[in-house]
Every structure is written in structure tokens, then in C-alpha cells.
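Visitor: attaching a predicted model along with its sequence, questions to come.
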Amino acid sequence: MKTHIQFKYISESQIEEKLDYKFEDPIVIKYARTIEEVSDLVHEAERYQKEGYYVVVTLPYESAAAFDSTLDVFKPSHHYGSIQVFEQPVSHFNDKTHYTYINEHVEWRRTDSDKRLSNNIHAIQDEIRLGNTYQVNYTTKLESEPIRHGYAYYQALTEDANGDYQAYIELEDETIISISPELFFQYGPYQQRPNTILTKPMKGTISRGNYKAEDQTNYEQLKHSKKDRAENVMIVDLLRNDLSKISEVGTVNAIDLFKIEPYQTVYQMTSTIRSQLKAQQSLFNLLQALFPCGSITGAPKESTMAIIKRLENRPRGIYCGTIGLLLPDNRMIFNVPIRTIHSNSERAVYGVGAGITIDSNAEAEIEEFIMKSKILESRHVNLIETMRLENRKVQRREEHTHRISTSAEALNIQFNNDEWDTMLNDMVNTYVDGTYKLRVELNSDGTFNVNASPIIDSSQSLTAQLLQSKRVSSIYTIHKTTERQHFQHNHDTDVILYYNEQNEITEFDIGNVVIKIGDAYITPPYHGQFLNGCMRQALLKDNLIEEKNITVDELINDIERSNCEIYMINSLREWTKIDLKL
């Protein structure tokens, strides 16, 4: 039974301590099987902490009724909470499993249709008009088959996700994988003041840009968004009110409003609230005042949670509950388990939510659900460049250099231009005769792997068939990476010609497409929906091809009239004639 907690503790406004503890074989593990047992479980956790042990606590959203019986929640699917007690962390897990990411494909399925989500968002806005709520954090679920390699999956997600409050917890028949970036509260010294509680709600989200300019635009948009600031202020006010129940008068202060924090797939708006507790408060008292966190309910809490129960119509579980770490030095850190997977022998479940206000647009909120789920697609990826070395020259070297450096910046991978140039020059001086395929892989640590192999003959034509492209994260469509799973398929032809949801031709699985109609050479326009190949860029730069949309129907019509020729272009093979099998 393994547990891995990776939390941070904020001791000063700009000073953070990263806590990274592996635990194995708890000396005590207990569960609250009924709502009445939650109080004893929490008090017991604190007792073990005071005796010098490390304690890991899990409380599902549905345990809220143990702290305030007026809060309307379902009965949880599993238990009302758990504690694990450990004497010391371990340096490594004792079993012999090699924990590297097994490229396990997890097919996540949405449990709610767009129509249901839209109807519920409009129902929330009706409740706002009636004065029953100001904002509702409405959530939906994704489901998959059980996660087979839980810790390896956790490692893969945490490598990409940069969440500050991550946890992997194995319990008797369940596994929790939390890659949360959100602090619920921490208790302990802050700025050399003891007995301080700090909470840091997240409210306000926008997707990361594909390139630096777009990324900066999105950052500025969130920073100045009136809607997101209004949402954030509502939750700050709710948490200030919750904290005032247990804090000295005049000590509840918002100290860092509307801060924008970067994560792999999104920017998040956060605010920090600090207060001094009235006296030594028990953990149960803290949870009684604060749980569940207002950022995942909405405001006001009691009436909003009733709306959540009616519309979501199922328990949330550990998602939107809390995971806590109690340290022997009396410090406590609890997260808000957003971006969290709960897996058992039957299925894995992932929750995702959005704050709904009177100004919310249903379509935009559904897109936010999708955006926040993209983190599940995150995998450890390296960048690839495949180049043609011919007559002691790397063809289209400038385009390849620009693409890999731009992609490295977008994916936060270290890239050293001098080392890149030195490596290419070495290859040019080594392979002086003939034509070669150079395959360079840029690893996440900034190192290069390179190999060369001779190109025998790339002039023969290839067969292709049409297939609609899969809807995947733009990370894998616009950057050339080692993640190629979306291109895997069973087919009887050499290559695949893809088209999109609008029935427009987009790309081949290993190159861009050019269609010759009369004297014109046409390629689909680039709007971030496919890999912008270096050969394509060079041909456009020299005005040898032009951009124009072409639909599947138009292409088939031209083929039937013998009015066109189809080519696949890439920087390795350059021009390849295609025989499209209809």
C-alpha cells in the first residue's frame, strides 16, 4: 500500500517549501463508514499527529454533512473518509516494480451530453435570477476503465502538470490520483507568526496559447477579465466569511488578489487569504468552518450545495473533497482535489467543473470543461525533427531550426541553439556522400538523440485512403512529438489522408497535402489544426503553392473527372505522388 504526497508549504509571501514524502505500509489505516464516524476519525488523525506521526487524510465531498448537517449532499459511493498513519517517510518504495510510464491508453468518456450540460447551466441561471445563488461551481464526470498502472500513470501526469498539491494514495480497494494545483488551507507559522491559516482559492481559467504571442494574449485576457474577477471576488468573500468564524477580529485579509498562475494547459486566477486563529483550534473546528471549500461549491454555500445535488444527481466523491497531510511539527496542509482521478476495480472517474454565473455562456462553459480535461492527455513527450541530408547540406535547415525552437518554448522544453547547430554540423561533416534521413529527438532535459540512415529511393508513389481525423489536444497536432497515438489506425494503404469535422481535407499522417488542379498547386490553409511541415513552409515562402480549402466532395469530384493530381509533401521525401483509393 503506497502513498506519495507532493505538497508545498508557504512560509513567506515568496518563499515556498516543497514537501515530497513517500509512505509505505501504514501502521494504522481507518475509515469512517458512516457520517457519525467522521468526527472521531478527524480527532484521531490529530491525536496521531500530536504523538509525532505523519497522517494522510482523505475526506470526500459528501463528508460535509458531518461538519454541518444543513449541507445537502448524497451518500458517498465508498466511505466518508480515511486516515493513514506513518512513522516515517521512505526514500523509495520497496517493491521491485520499475515505475516508468507504461504508455497505457486510457479512453475517457463523457457522462453528460452537451444538451444536458447546457440545460443544467441554464437551470443554474434561473436559480440566480430567483436569488437562490450568486454562483454555482457545476461539475461533470469523465469515466474510463480502471487504471491498471496507477503509480506510473500518476508519475506521467505529475511530470507534465506542475500541480503544487499532488497526491497518490492507495486504499483498500481504490486508488486516488490527484494532480491538484489548488490549496484548500494550510495551518502553521507564516511570516514568523504561529497559529496562521492560509487559503488560496482558484477561480478564473483560460487555456494556454499554442505559441508565445497567443499565450501572452490569453494571459492578459484572463488578467483583465471582469467576469473572472467577479467570480474570484465572490469566492474570496465567501472564504473570508468562513475564516472569520475561527479567526481573531480584524486579522482576515486578502493579501494577493487576482494572481495569474501558469499551468501546462491553462492559466488560473488565484487569490490568497490569511488570518490568525482565535486560539488553538482543533482540526475538526477548522473543517467545520471551511469544508467544503467555497471555490468548488459557489455562494452562498448552503443553498448552492442544494442546487448542486439536484442538478449533478450523483456523489462527487474525493473530487472536490480534500486530501490532507498532517506533519509531526503540527503543520497541516489540505488541498482541493480538483484534477483528480478515483479508480477502483469497476471504473475510473475524473471530475471537471466550471463556475456558472448569470453572465455565463453555456457553449463557452462546455468548452471550459473540455479544456480542463486536456490534462488527462498529457504525456511525457519529446520533440522530433526528421530532415533530409543531401550533398553535405541539411535541406530546409532554417525551417527545421525555427520549428523545433518554437515548439520547445511552447512545451517548456530546454533548447540550446548552439548545441543544435554543432550537432547538425557534425552530421554534415560525417555523412559526406549520398542522401540520408536525419532523425533528431529533443528530450525534455534538453539533450539530443540523433541517428542517420541512408535514403535508398523516395520517388515511388504511395496509396492512400480517406479518414476523419481524431479530436485531440493541439499539443499533439501542431508540434511534432513522440506522441503519435492519434495517428494509429488499421488500413490497407500506405498512408492516410485526413479530413476534419467540416469535411475539409487537412493532412496526411506523415506529411502535408498538395493538390494540383490545372496549373495551380493547392494546400489547405493553416489555422493550428495540423502539423505545419517544413517543406510546406518553404514552398509557400517561394510562392510555389497556394492556400485554399478543398472539401472531400470537391476532391472526389475532381478525381472522377481526372482533373487533379494528389501529392504528399514532407521534408524527407519531398514530393510523393499519391494514388487515393476511394
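Guide: Now that the structure is in, tell me what you want to look at.

Visitor: please count neighbours and contacts with C-alpha atoms only from this point.
Guide: Noted.

Visitor: show me where the stretch 51-200 of the chain has its strands.
Guide: 54-59, 82-86, 109-110, 135-144, 165-170, 174-180, 183-190, 193-200 (DSSP state E, counting those that start in this stretch).

Visitor: pull the helix or strand with minimum mean pLDDT from the protein.
Guide: helix 474-478 (a mean of 69; mean pLDDT, DSSP states H and E).

Visitor: packing partners of the helix or strand following that helix?
Guide: Sequence order places strand 495-499 as the next helix or strand after helix 474-478, per DSSP states H and E. In terms of contacts (3 or more CA pairs under 8 Å, 6 or more residues apart in numbering; DSSP states H and E), strand 495-499 is packed against strand 462-468, strand 505-508.

Visitor: what pairs with strand 495-499, parallel or antiparallel?
Guide: As defined by DSSP bridges, the strand partners of strand 495-499 come to strand 462-468 (parallel), strand 505-508 (antiparallel).

Visitor: so what touches the shortest one?
Guide: By that I understand strand 505-508. 495-500, 512-513, 524, 529-531, 549-552, 568 (CA atoms under 8 Å, 6 or more residues apart in numbering).

Visitor: show the buried residues in those.
Guide: 495-500, 512-513, 524, 529-531, 550-552, 568 (16 or more other CA atoms under 10 Å).

Visitor: name the SS class of W420, please.
Guide: Following DSSP: H, G, I helix; E, B strand; the rest coil, the label given to W420 is helix.

Visitor: repeat that for the one 3 residues further on.
Guide: With three-state DSSP as the basis, the three-state label of M423 is helix.

Visitor: for the spatially most central residue of the chain, give its distance to I179.
Guide: For the chain, the residue sitting closest to the mean C-alpha position, by CA atoms, centre = their mean, is I375 at 1.9 Å. For I375, the distance to I179 (CA to CA, to the nearest Å) stands at 9 Å.

Visitor: for V432, same thing?
Guide: 49 Å.

Visitor: and for P454?
Guide: With CA to CA as the criterion, P454 and I179 are 44 Å apart.

Visitor: which one's more surrounded, these two?
Guide: I179 (27 against 14; other CA atoms under 10 Å).

Visitor: that older thread, please work out which of the strands paired with strand 495-499 is packed deepest.
Guide: Ranked by mean neighbour count, the strands paired with strand 495-499 are led by strand 505-508 with a mean of 26 (mean count of other CA atoms under 10 Å).

Visitor: next secondary structure after that one?
Guide: Trace forward from strand 505-508 with DSSP H and E and the next one is strand 512-517.

Visitor: what residues of the helix or strand just after that next one count as buried?
Guide: For strand 512-517, the following helix or strand on the C-terminal side (DSSP H and E) is strand 520-523. For strand 520-523, the neighbour count (16+ other CA under 10 Å) marks Y521, I522, T523 as buried.

Visitor: counting neighbours, what do you get for the nearest residue to I83 once chain neighbours are set aside?
Guide: Spatial nearest neighbour of I83, chain neighbours left out: V57 (4.6 Å); criterion: CA to CA, 6 or more residues apart in numbering. Using other CA under 10 Å, the number of residues around V57 comes to 21.

Visitor: in this structure V57 contacts Q84, no?
Guide: Yes: here V57 reaches Q84: they are 6.7 Å apart, a contact under CA atoms under 8 Å.

Visitor: longest helix in this structure, please.
Guide: The residue-count maximum for a helix in the chain (DSSP state H) belongs to helix 226-244.

Visitor: average pLDDT across that one?
Guide: In this model, helix 226-244 carries a mean pLDDT of 94.

Visitor: not counting its own residues, what contacts that helix?
Guide: Residues contacting helix 226-244 (CA under 8 Å, 6+ apart): 135, 201-205, 222, 252-254, 258, 269-271, 273, 275, 289-290, 293-295, 298-300, 355, 357, 359.

Visitor: how big is the angle separating it from strand 135-144?
Guide: 100 degrees (axes from the mean of the first three to the mean of the last three CA atoms, to 10 degrees).

Visitor: mind putting the strands paired with strand 495-499 into a markdown table with mean pLDDT and distance to R148?
Guide: Putting the strands paired with strand 495-499 into a markdown table (pLDDT from 0 to 100; distance: least, CA to CA, whole Å) gives the following:
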| stretch | mean pLDDT | distance to R148 |
| --- | --- | --- |
| strand 462-468 | 91 | 30 |
| strand 505-508 | 94 | 33 |
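
Visitor: so which of those gets nearest H400?
Guide: strand 505-508 (18.5 Å; CA to CA).

Visitor: strand partners of the helix or strand R439 falls within, parallel vs antiparallel please.
Guide: Applying DSSP H and E as the criterion places R439 in strand 435-442. For strand 435-442, the paired strands and their directions (DSSP bridges) are strand 383-390 (antiparallel), strand 448-454 (antiparallel).

Visitor: pLDDT on the first one, on average?
Guide: So that's strand 383-390. 95.

Visitor: need the strands for the stretch 201-350 of the chain, in chain order.
Guide: 202-207, 253-262, 266-276, 298-299, 322-326, 332-335, 340-344, 348-356.

Visitor: just give me the neighbour total for L544.
Guide: 12.

Visitor: from T3, how far out is it?
Guide: 59 Å.

Visitor: then E368?
Guide: Counting by CA to CA - E368 and T3 are separated by 31 Å.

Visitor: tabulate the strands paired with strand 495-499 (a markdown table), appending distance to A230.
Guide: Listed next are the strands paired with strand 495-499 as a markdown table, based on distance: least, CA to CA, whole Å:
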| stretch | distance to A230 |
| --- | --- |
| strand 462-468 | 41 |
| strand 505-508 | 40 |
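
Visitor: looking at these, spot the one closest to E174.
Guide: Nearest to E174, of these and by CA to CA, is strand 462-468 at 37.2 Å.

Visitor: quick one: contacts of the closest one?
Guide: With CA under 8 Å, 6+ apart as the criterion, strand 462-468 contacts 491, 493-501, 576-582.

Visitor: same question for the strand holding R439, mean pLDDT?
Guide: The model assigns strand 435-442 a mean pLDDT of 95.

Visitor: check stretch 11-27 too.
Guide: 91.

Visitor: and stretch 420-438, what's buried?
Guide: In stretch 420-438, counting by 16+ other CA under 10 Å, buried: W420, L424, M427, V428, Y431, T435, Y436, K437, L438.

Visitor: L130: which of the residues you listed is nearest?
Guide: W420 (62.3 Å).

Visitor: so who does the closest residue in space to E145 that isn't next to it in sequence touch?
Guide: Spatial nearest neighbour of E145, chain neighbours left out: R347 (4.7 Å); criterion: CA to CA, 6+ apart. By CA under 8 Å, 6+ apart, the contact list for R347 reads E143, S144, E145, P146, I147.

Visitor: can you tell me which of these has the most neighbours?
Guide: Going by other CA under 10 Å, I147 tops the contacts of R347 with 23 neighbours.
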